[in-house]
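Participant: kindly generate the corresponding structure for this input.
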Amino acid sequence: MTSALLSRLKAMRTAWLLLCLPHAALAAPWLRSEGVATSSRGDLLYREVHWRRDAAEGAERWVLYQCADGRPFARKNLPASADPQARGYTLEDRRSGQKADVEAASGRVSIAWKEDAGSPPV
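Facilitator: Next up, the predicted model:
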């Protein structure tokens with residue numbers, strides 16, 4: 001195997017451990033899709049790997065963001081919601097230390113934001 005393939009396999013294993021293992025005991029299947037972001041010149045900027053608990057619109061979702069070489073750099077969780085257009089999410093970007101926690105409940109929204117690793121939560 002080439003070192004690039006081994007790196008990709010390692011990144012995939014890391015993604016599995018970060019996102020799926022805690023949910024392995026739950027019965028609902030996970031649906032997976034992938035997307036890529038490219039520059040205007042067509043260069044690969046990053047990949048997104050999406051998991052959805054089931055086909056329902058308000059199902060729990062996880063997104064893993066990966067560098068062009070396959071290394072994960074951020075993750076996002078959208079909890080299951082009866083109102084999927086107005087649900088919260090949690091986002092962590094390990095490159096910068098940026099974190100966002102948006103909670104939507106009972107018609108109210110609260111936001112906790114941390115711009116980078118050195119700044120306090122707002």
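
Participant: show me where the protein has its strands.
Facilitator: 31-38, 44-52, 61-67, 72-78, 89-93, 98-105, 108-114 (DSSP state E).

Participant: tell me the contacts of residue 87?
Facilitator: Neighbour list for residue 87: 58, 78-79, 81, 104 [criterion: C-beta atoms under 8 Å, 6 or more residues apart in numbering]. Yep, even glycine has a C-beta here, placed from its N, CA and C like the rest.

Participant: re the thing from before, can you tell me which of the strands of the chain is packed in deepest?
Facilitator: strand 61-67 (a mean of 20; mean count of other C-beta atoms under 10 Å).

Participant: what helices or strands is that strand leaning on?
Facilitator: helix 3-15, strand 44-52, strand 72-78 (3 or more C-beta pairs under 8 Å, 6 or more residues apart in numbering; DSSP states H and E).

Participant: list the contacts for the residue nearest to the spatial centre of the chain?
Facilitator: For the chain, the residue sitting closest to the mean C-alpha position, by C-alpha atoms, centre = their mean, is residue 63 at 2.5 Å. By C-beta under 8 Å, 6+ apart, the contact list for residue 63 reads 48-51, 75-78.

Participant: who's it bridged to?
Facilitator: Beta-bridge pairing for residue 63 (DSSP bridges): residue 50, residue 76.

Participant: ok, residue 68 - how many residues close by?
Facilitator: Neighbourhood size, residue 68 [other C-beta atoms under 10 Å]: 13.
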